[in-house]
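A.B. asks: Quick check, what structure comes out for this input:
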Amino acid sequence: MEDKGTRALTGPRIAGIVIAAVVVVLGISWAVQGSSWFMFDVFAPRYEKSRRETFEESKAYNQGMIQELQNMQFEYLKADEDHKKALADVILHRAADYDREKLPPDLKEFISKLEKERTTAH
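C.D. replies: Have a look, this model is predicted:
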């Protein structure tokens, strides 16, 4: 007579246990990896936005932007008419997303003049 309290480990039963263990391990790894993707999708854009805002508020960024625009202004004043049109496009493109309140008054006036010239030309 077979004791009903103990069960014999047969081939199919061992295979079932192994398959169940593999499924559990795969499920756990999928849950962990899926969470990682979820966390990245949720928090990475916010983190990157915060990083960009911090960078754009930095002294180095603002000084660099002003210096670059001033250099382009100097090149614009030296250029011939054809070159001025191309430089004006580049200058206006660079200054488009920049906070004008941070610019020195002469540079602010120069960019406003370029914008007026562009709107009257079109």
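
A.B. asks: mind checking which helix or strand the residue minimising distance to the centre of the chain is in?
C.D. replies: Among the residues of the chain, the one closest to the centroid is Glu48, at 5.4 Å (CA atoms, centre = their mean). Assignment of secondary structure by DSSP states H and E places Glu48 within helix 11-56.

A.B. asks: which strands and helices sit next to the helix or strand following that helix?
C.D. replies: Where DSSP H and E defines the elements, the next helix or strand beyond helix 11-56 is helix 59-78. Here helix 59-78 touches helix 81-95, helix 105-121, going by 3 or more CB pairs under 8 Å, 6 or more residues apart in numbering; DSSP states H and E. Heads up, the C-betas are built off the backbone N, CA and C, glycines and all.

A.B. asks: What angle do helix 81-95 and the longest one make with each other?
C.D. replies: Helix 105-121 and helix 81-95 are oriented at 120 degrees to each other (axes from the mean of the first three to the mean of the last three CA atoms, to 10 degrees).

A.B. asks: For Ser58, grab phi and psi.
C.D. replies: Ser58 has phi and psi values of phi -70, psi 150 when expressed as degrees, to the nearest 10.

A.B. asks: Tell me, please, where in this protein the pLDDT is lower than the cut-off.
C.D. replies: 1-7, 34-35, 121-122 (pLDDT under 70).

A.B. asks: quick one, the helix holding Glu48 and helix 59-78 angle?
C.D. replies: Going by the same axes, to 10 degrees, helix 11-56 makes 60 degrees with helix 59-78.

A.B. asks: returning to that earlier point: distance of the residue nearest to the centre of the chain from Gly11?
C.D. replies: Distance of Glu48 to Gly11, computed by CB to CB, to the nearest Å: 54 Å.

A.B. asks: Give me the distance between Ser50 and Ala8.
C.D. replies: The gap separating Ser50 from Ala8 is 61 Å, by CB to CB.

A.B. asks: So which of the two has more stuff around it?
C.D. replies: The neighbour comparison of Ser50 against Ala8 (other CB atoms under 10 Å) goes to Ser50, with 10 against 7.

A.B. asks: Fine by me, thanks again.
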